[in-house]
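Colleague: sequence unknown, structure follows:
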(Lines give C-alpha, C1' and ligand atoms only; values in the text may rest on other atoms or scores of the structure.)
Protein backbone atom coordinates (compact mmCIF):
# COMPACT_ATOMS: atom_id res chain seq x y z
CA UNK A 1 0.00 0.00 0.00
CA UNK A 2 2.86 2.40 0.82
CA UNK A 3 4.36 1.84 -2.68
CA UNK A 4 0.98 2.54 -4.33
CA UNK A 5 0.62 5.78 -2.40
CA UNK A 6 4.11 6.89 -3.44
CA UNK A 7 3.37 6.16 -7.11
CA UNK A 8 0.13 8.15 -6.94
CA UNK A 9 1.94 11.11 -5.36
CA UNK A 10 4.58 11.15 -8.09
CA UNK A 11 1.92 10.87 -10.81
CA UNK A 12 -0.31 13.70 -9.59
CA UNK A 13 1.14 16.46 -11.84
CA UNK A 14 1.00 14.23 -14.92
CA UNK A 15 -2.52 12.98 -14.15
CA UNK A 16 -3.65 16.57 -13.77
CA UNK A 17 -2.44 17.33 -17.28
CA UNK A 18 -4.46 14.42 -18.70
CA UNK A 19 -7.62 15.65 -17.00
CA UNK A 20 -7.72 18.93 -18.95
CA UNK A 21 -10.49 19.33 -21.53
CA UNK A 22 -10.25 19.92 -25.25
CA UNK A 23 -10.08 23.56 -26.37
CA UNK A 24 -13.62 24.57 -27.50
CA UNK A 25 -12.71 25.31 -31.14
CA UNK A 26 -10.80 22.05 -31.59
CA UNK A 27 -12.69 19.16 -33.20
CA UNK A 28 -10.76 15.91 -32.76
CA UNK A 29 -11.11 13.68 -35.79
CA UNK A 30 -11.99 16.52 -38.15
CA UNK A 31 -10.33 16.59 -41.59
CA UNK A 32 -7.78 19.21 -42.59
CA UNK A 33 -6.74 17.71 -45.94
CA UNK A 34 -7.64 14.74 -48.15
CA UNK A 35 -5.84 13.81 -51.38
CA UNK A 36 -6.42 10.85 -53.69
CA UNK A 37 -3.16 9.01 -54.40
CA UNK A 38 -3.79 5.83 -56.40
CA UNK A 39 -5.93 2.75 -56.96
CA UNK A 40 -4.58 -0.72 -56.20
CA UNK A 41 -6.22 -3.43 -58.33
CA UNK A 42 -7.30 -6.76 -56.90
CA UNK A 43 -4.56 -8.44 -58.93
CA UNK A 44 -1.91 -6.12 -57.48
CA UNK A 45 -3.19 -6.71 -53.94
CA UNK A 46 -3.21 -10.49 -54.49
CA UNK A 47 0.48 -10.26 -55.42
CA UNK A 48 1.13 -8.30 -52.22
CA UNK A 49 -0.80 -10.87 -50.17
CA UNK A 50 1.19 -13.74 -51.71
CA UNK A 51 4.43 -11.97 -50.76
CA UNK A 52 3.43 -10.89 -47.23
CA UNK A 53 1.51 -13.85 -45.80
CA UNK A 54 2.34 -17.46 -45.08
CA UNK A 55 0.72 -19.88 -47.55
CA UNK A 56 -2.06 -20.99 -45.22
CA UNK A 57 -3.01 -17.38 -44.38
CA UNK A 58 -3.52 -16.04 -47.88
CA UNK A 59 -7.03 -14.90 -48.79
CA UNK A 60 -7.67 -13.41 -52.27
CA UNK A 61 -8.69 -9.77 -52.44
CA UNK A 62 -12.42 -9.12 -52.63
CA UNK A 63 -12.10 -5.44 -53.54
CA UNK A 64 -9.80 -3.08 -55.37
CA UNK A 65 -8.66 -0.32 -53.03
CA UNK A 66 -8.37 3.46 -53.41
CA UNK A 67 -5.55 5.07 -51.43
CA UNK A 68 -5.74 8.58 -49.99
CA UNK A 69 -3.44 10.78 -47.93
CA UNK A 70 -5.27 12.54 -45.14
CA UNK A 71 -4.40 15.10 -42.49
CA UNK A 72 -6.70 14.87 -39.48
CA UNK A 73 -6.96 16.80 -36.25
CA UNK A 74 -6.05 15.26 -32.91
CA UNK A 75 -5.17 16.78 -29.54
CA UNK A 76 -2.35 16.70 -27.06
CA UNK A 77 -2.94 16.17 -23.34
CA UNK A 78 -3.58 19.88 -22.85
CA UNK A 79 -6.43 19.80 -25.38
CA UNK A 80 -4.54 21.74 -28.06
CA UNK A 81 -4.95 20.79 -31.71
CA UNK A 82 -2.22 18.79 -33.41
CA UNK A 83 -2.17 17.64 -37.07
CA UNK A 84 -1.83 13.94 -37.84
CA UNK A 85 -0.89 12.59 -41.26
CA UNK A 86 -2.58 9.31 -42.16
CA UNK A 87 -2.88 6.86 -45.02
CA UNK A 88 -6.47 5.90 -45.86
CA UNK A 89 -7.45 2.74 -47.74
CA UNK A 90 -10.98 2.53 -49.17
CA UNK A 91 -12.45 -0.63 -50.75
CA UNK A 92 -14.06 0.15 -54.10
CA UNK A 93 -17.82 -0.43 -53.97
CA UNK A 94 -20.43 0.48 -56.60
CA UNK A 95 -23.33 1.23 -54.27
CA UNK A 96 -24.00 2.38 -50.73
CA UNK A 97 -22.31 -0.19 -48.50
CA UNK A 98 -21.61 -0.18 -44.76
CA UNK A 99 -18.08 -1.31 -44.02
CA UNK A 100 -16.37 -1.88 -40.65
CA UNK A 101 -13.45 0.34 -39.67
CA UNK A 102 -9.87 -0.77 -38.99
CA UNK A 103 -7.28 1.57 -37.43
CA UNK A 104 -3.65 0.46 -37.08
CA UNK A 105 -0.98 1.69 -34.68
CA UNK A 106 2.45 1.00 -36.17
CA UNK A 107 5.45 -0.44 -34.37
CA UNK A 108 8.50 1.59 -33.41
CA UNK A 109 10.11 3.48 -36.26
CA UNK A 110 11.84 6.54 -34.77
CA UNK A 111 11.35 10.06 -33.45
CA UNK A 112 11.65 12.42 -36.42
CA UNK A 113 9.73 12.95 -39.66
CA UNK A 114 11.95 10.78 -41.87
CA UNK A 115 11.16 7.83 -39.57
CA UNK A 116 7.36 8.20 -39.64
CA UNK A 117 5.49 5.00 -40.61
CA UNK A 118 4.20 6.79 -43.72
CA UNK A 119 7.80 7.17 -44.91
CA UNK A 120 8.48 3.43 -45.01
CA UNK A 121 9.83 2.10 -48.31
CA UNK A 122 10.01 -1.71 -47.98
CA UNK A 123 12.23 -1.88 -51.07
CA UNK A 124 14.89 0.01 -49.09
CA UNK A 125 14.13 -0.97 -45.46
CA UNK A 126 11.22 -3.05 -44.21
CA UNK A 127 9.86 -1.44 -41.03
CA UNK A 128 6.73 -3.59 -40.95
CA UNK A 129 5.29 -3.57 -44.49
CA UNK A 130 2.46 -1.44 -43.18
CA UNK A 131 0.99 -0.38 -46.52
CA UNK A 132 0.91 -4.00 -47.71
CA UNK A 133 -0.82 -5.06 -44.53
CA UNK A 134 -3.41 -2.27 -44.70
CA UNK A 135 -4.17 -3.06 -48.33
CA UNK A 136 -4.81 -6.69 -47.42
CA UNK A 137 -7.28 -5.67 -44.69
CA UNK A 138 -9.02 -3.11 -46.92
CA UNK A 139 -9.33 -5.73 -49.67
CA UNK A 140 -11.44 -7.78 -47.25
CA UNK A 141 -13.95 -4.94 -46.99
CA UNK A 142 -12.67 -2.70 -44.19
CA UNK A 143 -12.26 1.08 -44.24
CA UNK A 144 -8.68 1.19 -42.99
CA UNK A 145 -6.49 4.03 -41.77
CA UNK A 146 -2.86 4.13 -40.66
CA UNK A 147 -2.02 7.34 -38.79
CA UNK A 148 1.47 8.56 -38.06
CA UNK A 149 1.93 9.26 -34.37
CA UNK A 150 1.91 12.76 -32.91
CA UNK A 151 5.02 14.82 -33.61
CA UNK A 152 5.68 13.45 -37.07
CA UNK A 153 3.41 15.91 -38.88
CA UNK A 154 4.48 19.05 -37.04
CA UNK A 155 5.87 21.98 -39.01
CA UNK A 156 8.53 22.53 -36.33
CA UNK A 157 11.60 20.47 -37.21
CA UNK A 158 12.52 20.29 -33.52
CA UNK A 159 9.30 18.47 -32.62
CA UNK A 160 9.65 14.73 -32.09
CA UNK A 161 7.28 11.85 -31.49
CA UNK A 162 6.29 11.55 -27.80
CA UNK A 163 7.46 7.95 -28.01
CA UNK A 164 5.60 5.51 -25.73
CA UNK A 165 3.56 8.28 -24.09
CA UNK A 166 0.38 6.24 -23.89
CA UNK A 167 -2.15 9.07 -23.66
CA UNK A 168 -0.80 10.79 -26.78
CA UNK A 169 -0.85 7.57 -28.79
CA UNK A 170 -4.33 6.72 -27.52
CA UNK A 171 -5.62 10.10 -28.68
CA UNK A 172 -4.19 9.58 -32.16
CA UNK A 173 -5.80 6.17 -32.69
CA UNK A 174 -9.19 7.24 -31.34
CA UNK A 175 -9.11 10.38 -33.48
CA UNK A 176 -8.15 8.35 -36.54
CA UNK A 177 -11.29 6.31 -35.90
CA UNK A 178 -13.30 9.51 -35.56
CA UNK A 179 -11.74 10.77 -38.80
CA UNK A 180 -13.30 7.90 -40.76
CA UNK A 181 -16.76 9.15 -39.80
CA UNK A 182 -15.78 12.71 -40.75
CA UNK A 183 -14.42 11.55 -44.12
CA UNK A 184 -17.61 9.67 -44.97
CA UNK A 185 -20.14 12.08 -43.46
CA UNK A 186 -23.23 12.56 -45.68
CA UNK A 187 -22.35 16.15 -46.61
CA UNK A 188 -18.59 15.56 -46.98
CA UNK A 189 -16.70 15.35 -50.27
CA UNK A 190 -13.32 14.15 -49.04
CA UNK A 191 -13.60 10.68 -50.58
CA UNK A 192 -15.14 9.56 -53.88
CA UNK A 193 -17.00 6.51 -52.60
CA UNK A 194 -20.58 5.48 -51.74
CA UNK A 195 -19.23 3.48 -48.78
CA UNK A 196 -20.19 4.42 -45.23
CA UNK A 197 -18.61 3.32 -41.95
CA UNK A 198 -20.46 0.68 -39.96
CA UNK A 199 -20.93 1.02 -36.22
CA UNK A 200 -17.93 -1.22 -35.63
CA UNK A 201 -14.43 0.24 -35.16
CA UNK A 202 -11.46 -2.04 -34.53
CA UNK A 203 -8.13 -0.71 -33.27
CA UNK A 204 -5.10 -2.88 -33.96
CA UNK A 205 -1.45 -2.39 -33.14
CA UNK A 206 1.88 -4.11 -33.48
CA UNK A 207 4.53 -3.83 -30.72
CA UNK A 208 4.52 -0.08 -29.86
CA UNK A 209 1.12 0.02 -31.53
CA UNK A 210 0.00 -2.56 -28.98
CA UNK A 211 0.60 -0.05 -26.22
CA UNK A 212 -1.33 2.47 -28.30
CA UNK A 213 -4.46 0.36 -28.72
CA UNK A 214 -4.69 -0.58 -25.05
CA UNK A 215 -4.10 3.07 -24.12
CA UNK A 216 -6.91 4.02 -26.51
CA UNK A 217 -9.20 1.43 -24.95
CA UNK A 218 -8.40 2.86 -21.50
CA UNK A 219 -9.22 6.39 -22.69
CA UNK A 220 -12.20 5.57 -24.89
CA UNK A 221 -15.03 6.22 -22.42
CA UNK A 222 -13.64 9.61 -21.36
CA UNK A 223 -12.03 10.86 -24.58
CA UNK A 224 -14.14 9.46 -27.44
CA UNK A 225 -17.26 7.82 -25.98
CA UNK A 226 -19.27 8.42 -29.16
CA UNK A 227 -16.88 6.24 -31.21
CA UNK A 228 -18.48 2.79 -31.77
CA UNK A 229 -15.44 0.86 -30.58
CA UNK A 230 -16.03 -2.86 -31.21
CA UNK A 231 -12.69 -4.41 -30.26
CA UNK A 232 -8.91 -4.09 -30.06
CA UNK A 233 -6.22 -6.36 -31.49
CA UNK A 234 -2.64 -6.45 -30.20
CA UNK A 235 0.15 -8.15 -32.12
CA UNK A 236 2.99 -8.78 -29.64
CA UNK A 237 1.92 -5.66 -27.73
CA UNK A 238 4.38 -3.79 -25.53
CA UNK A 239 2.45 -3.25 -22.30
CA UNK A 240 5.23 -3.05 -19.69
CA UNK A 241 7.70 -0.21 -20.03
CA UNK A 242 10.10 -1.55 -17.38
CA UNK A 243 10.30 -4.94 -19.10
CA UNK A 244 10.86 -3.29 -22.47
CA UNK A 245 13.81 -1.37 -21.03
CA UNK A 246 15.20 -4.71 -19.83
CA UNK A 247 14.58 -6.92 -22.85
CA UNK A 248 15.05 -4.46 -25.73
CA UNK A 249 17.53 -1.89 -24.37
CA UNK A 250 18.48 -0.69 -27.85
CA UNK A 251 15.25 1.33 -27.95
CA UNK A 252 15.68 2.83 -24.47
CA UNK A 253 17.59 5.91 -25.74
CA UNK A 254 14.61 6.84 -27.94
CA UNK A 255 12.09 6.48 -25.11
CA UNK A 256 14.16 8.25 -22.47
CA UNK A 257 15.18 11.13 -24.74
CA UNK A 258 11.56 11.63 -25.80
CA UNK A 259 10.37 11.40 -22.19
CA UNK A 260 12.94 13.94 -21.01
CA UNK A 261 11.53 16.38 -23.55
CA UNK A 262 7.95 15.52 -22.59
CA UNK A 263 8.13 15.13 -18.81
CA UNK A 264 11.17 17.26 -17.99
CA UNK A 265 14.01 16.79 -15.53
CA UNK A 266 12.35 13.88 -13.74
CA UNK A 267 14.00 11.87 -16.56
CA UNK A 268 17.76 12.17 -15.97
CA UNK A 269 19.64 10.71 -18.92
CA UNK A 270 22.92 10.94 -17.02
CA UNK A 271 21.59 8.61 -14.33
CA UNK A 272 20.34 6.07 -16.89
CA UNK A 273 22.88 5.75 -19.69
CA UNK A 274 26.57 4.93 -19.55
CA UNK A 275 28.90 7.88 -20.11
CA UNK A 276 29.99 6.48 -23.48
CA UNK A 277 26.61 7.24 -25.06
CA UNK A 278 25.79 10.62 -23.54
CA UNK A 279 27.80 13.05 -25.70
CA UNK A 280 26.04 12.02 -28.94
CA UNK A 281 22.77 10.56 -27.64
CA UNK A 282 20.59 13.44 -28.85
CA UNK A 283 22.20 13.44 -32.29
CA UNK A 284 21.96 9.64 -32.47
CA UNK A 285 18.23 9.31 -31.75
CA UNK A 286 17.42 12.21 -34.06
CA UNK A 287 19.48 10.88 -36.95
CA UNK A 288 18.88 7.12 -36.70
CA UNK A 289 15.54 5.48 -37.33
CA UNK A 290 14.76 2.54 -35.06
CA UNK A 291 15.68 -0.08 -37.64
CA UNK A 292 19.25 1.23 -37.45
CA UNK A 293 19.36 1.15 -33.65
CA UNK A 294 19.88 -2.60 -33.42
CA UNK A 295 23.24 -2.27 -35.10
CA UNK A 296 24.26 0.84 -33.19
CA UNK A 297 23.05 0.90 -29.58
CA UNK A 298 24.32 -1.95 -27.45
CA UNK A 299 22.00 -4.80 -26.47
CA UNK A 300 24.09 -5.30 -23.32
CA UNK A 301 22.59 -3.74 -20.20
CA UNK A 302 26.09 -3.30 -18.78
CA UNK A 303 27.32 -1.44 -21.84
CA UNK A 304 24.26 0.74 -22.40
CA UNK A 305 23.21 1.68 -18.86
CA UNK A 306 24.83 3.09 -15.77
CA UNK A 307 25.74 0.17 -13.44
CA UNK A 308 23.23 1.17 -10.76
CA UNK A 309 20.39 1.47 -13.27
CA UNK A 310 21.21 -1.84 -14.95
CA UNK A 311 21.25 -3.61 -11.60
CA UNK A 312 17.93 -2.04 -10.58
CA UNK A 313 16.34 -3.20 -13.85
CA UNK A 314 17.61 -6.73 -13.35
CA UNK A 315 16.52 -6.85 -9.73
CA UNK A 316 13.10 -5.32 -10.40
CA UNK A 317 13.70 -2.59 -7.82
CA UNK A 318 13.09 0.54 -9.92
CA UNK A 319 10.19 1.54 -7.67
CA UNK A 320 12.55 1.72 -4.70
CA UNK A 321 15.67 3.01 -6.47
CA UNK A 322 14.14 5.40 -9.05
CA UNK A 323 10.61 6.07 -7.76
CA UNK A 324 9.81 9.10 -9.92
CA UNK A 325 10.96 7.39 -13.11
CA UNK A 326 9.16 4.18 -12.18
CA UNK A 327 5.99 6.20 -11.65
CA UNK A 328 6.25 7.35 -15.27
CA UNK A 329 6.70 3.78 -16.41
CA UNK A 330 3.55 2.82 -14.54
CA UNK A 331 1.67 5.80 -15.97
CA UNK A 332 2.43 4.54 -19.46
CA UNK A 333 1.72 0.85 -18.84
CA UNK A 334 -1.74 0.55 -20.43
CA UNK A 335 -4.63 -1.84 -20.30
CA UNK A 336 -6.13 -1.69 -16.83
CA UNK A 337 -9.24 0.45 -17.22
CA UNK A 338 -12.27 -1.82 -17.07
CA UNK A 339 -14.82 -1.89 -19.86
CA UNK A 340 -16.68 -4.44 -21.94
CA UNK A 341 -14.68 -3.97 -25.16
CA UNK A 342 -13.26 -7.37 -26.22
CA UNK A 343 -9.54 -7.64 -26.91
CA UNK A 344 -7.44 -10.10 -28.89
CA UNK A 345 -3.72 -10.64 -28.37
CA UNK A 346 -1.57 -12.56 -30.85
CA UNK A 347 1.67 -13.50 -29.10
CA UNK A 348 4.63 -15.68 -30.08
CA UNK A 349 5.97 -18.01 -27.41
CA UNK A 350 9.56 -17.37 -28.59
CA UNK A 351 9.27 -13.58 -28.44
CA UNK A 352 12.45 -12.29 -26.76
CA UNK A 353 11.03 -8.75 -26.57
CA UNK A 354 7.85 -9.87 -24.79
CA UNK A 355 8.88 -13.04 -22.91
CA UNK A 356 6.02 -15.36 -22.05
CA UNK A 357 6.20 -14.67 -18.28
CA UNK A 358 5.67 -10.96 -19.01
CA UNK A 359 2.80 -11.72 -21.36
CA UNK A 360 1.19 -14.02 -18.79
CA UNK A 361 1.59 -11.39 -16.06
CA UNK A 362 -0.18 -8.82 -18.23
CA UNK A 363 -3.01 -11.25 -18.99
CA UNK A 364 -3.49 -11.93 -15.27
CA UNK A 365 -3.64 -8.21 -14.43
CA UNK A 366 -5.83 -7.41 -17.43
CA UNK A 367 -8.31 -10.09 -16.47
CA UNK A 368 -8.21 -9.14 -12.78
CA UNK A 369 -9.32 -5.64 -13.80
CA UNK A 370 -12.54 -7.16 -15.18
CA UNK A 371 -11.72 -7.15 -18.90
CA UNK A 372 -12.32 -9.67 -21.71
CA UNK A 373 -9.51 -11.21 -23.74
CA UNK A 374 -8.95 -13.77 -26.48
CA UNK A 375 -5.34 -14.96 -26.31
CA UNK A 376 -3.71 -16.64 -29.33
CA UNK A 377 -0.27 -18.11 -28.60
CA UNK A 378 1.82 -18.90 -31.69
CA UNK A 379 4.25 -21.75 -31.10
CA UNK A 380 7.80 -21.06 -32.21
CA UNK A 381 7.02 -17.47 -33.23
CA UNK A 382 9.21 -14.47 -32.48
CA UNK A 383 8.27 -10.79 -32.04
CA UNK A 384 8.26 -9.78 -35.67
CA UNK A 385 5.87 -11.91 -37.74
CA UNK A 386 2.65 -12.33 -35.76
CA UNK A 387 0.57 -10.59 -38.45
CA UNK A 388 1.82 -12.79 -41.26
CA UNK A 389 0.72 -16.04 -39.58
CA UNK A 390 -2.55 -14.96 -37.94
CA UNK A 391 -4.47 -13.17 -40.70
CA UNK A 392 -7.35 -15.64 -40.92
CA UNK A 393 -7.68 -15.88 -37.14
CA UNK A 394 -7.74 -12.10 -36.69
CA UNK A 395 -10.21 -11.39 -39.51
CA UNK A 396 -12.42 -14.22 -38.27
CA UNK A 397 -12.34 -12.82 -34.73
CA UNK A 398 -13.30 -9.33 -35.96
CA UNK A 399 -16.14 -10.70 -38.09
CA UNK A 400 -17.48 -12.63 -35.10
CA UNK A 401 -17.31 -9.58 -32.84
CA UNK A 402 -18.94 -7.33 -35.47
CA UNK A 403 -21.78 -9.85 -35.79
CA UNK A 404 -22.41 -9.58 -32.04
CA UNK A 405 -21.46 -13.18 -31.41
CA UNK A 406 -19.32 -14.37 -28.46
CA UNK A 407 -15.58 -14.96 -28.81
CA UNK A 408 -13.29 -17.03 -26.56
CA UNK A 409 -12.48 -15.25 -23.29
CA UNK A 410 -9.51 -16.44 -21.23
CA UNK A 411 -10.58 -14.07 -18.46
CA UNK A 412 -13.77 -16.03 -17.91
CA UNK A 413 -11.78 -18.86 -16.36
CA UNK A 414 -9.68 -16.70 -14.04
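Modeller: Structure's in. What do you need? In this text, all values refer to a predicted model and were calculated from it rather than measured experimentally.

Colleague: low pLDDT regions in this structure?
Modeller: 1-24 (pLDDT under 70).

Colleague: as a check, name the ranges of all strands in it.
Modeller: For the chain, the strands defined by DSSP state E cover 31-40, 65-75, 81-91, 97-105, 143-147, 195-206, 229-235, 342-348, 372-378.

Colleague: want to throw these into TSV with mean neighbour count and distance to residue 310?
Modeller: In this view, the C-beta of every residue, glycine as well, is placed from N, C-alpha and C. Output for these, formatted as TSV (neighbours: other C-beta atoms under 10 Å; distance: least, C-beta to C-beta, whole Å):
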stretch	mean neighbour count	distance to residue 310
strand 31-40	14	45
strand 65-75	22	36
strand 81-91	23	35
strand 97-105	24	30
strand 143-147	27	35
strand 195-206	23	28
strand 229-235	26	28
strand 342-348	24	26
strand 372-378	19	30
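
Colleague: and these: which comes nearest residue 290?
Modeller: The closest of the strands of the chain to residue 290 is strand 195-206. By C-beta to C-beta, the value is 12.8 Å.

Colleague: helices or strands up against that closest one?
Modeller: strand 97-105, helix 166-183, helix 208-223, strand 229-235, helix 391-402 (3 or more C-beta pairs under 8 Å, 6 or more residues apart in numbering; DSSP states H and E).

Colleague: of these, which is nearest residue 321?
Modeller: Across the helices and strands packed on strand 195-206, residue 321 has its closest neighbour in helix 166-183 (22.9 Å, C-beta to C-beta).

Colleague: and that closest one with helix 208-223, angle?
Modeller: Angle of helix 166-183 versus helix 208-223, following axes from the mean of the first three to the mean of the last three C-alpha atoms, to 10 degrees, is 70 degrees.

Colleague: next, the angle from helix 166-183 to strand 81-91.
Modeller: Here helix 166-183 runs at an angle of 50 degrees relative to strand 81-91 (the same axes, to 10 degrees).

Colleague: next, the buried residues of helix 166-183.
Modeller: Under the neighbour-count criterion of 16 or more other C-beta atoms under 10 Å, helix 166-183 has 166-183 buried.

Colleague: just checking, what packs against it?
Modeller: Under the contact definition 3+ C-beta pairs under 8 Å, 6+ apart, helix 166-183 sits against strand 31-40, strand 65-75, strand 81-91, strand 97-105, strand 143-147, strand 195-206, helix 208-223.

Colleague: can I get those in a markdown table with distance to residue 359?
Modeller: Formatted as a markdown table, the helices and strands packed on helix 166-183 follow (distance: least, C-beta to C-beta, whole Å):
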| stretch | distance to residue 359 |
| --- | --- |
| strand 31-40 | 35 |
| strand 65-75 | 30 |
| strand 81-91 | 30 |
| strand 97-105 | 18 |
| strand 143-147 | 25 |
| strand 195-206 | 15 |
| helix 208-223 | 11 |
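
Colleague: so which of these gets nearest residue 267?
Modeller: helix 208-223 (17.7 Å).
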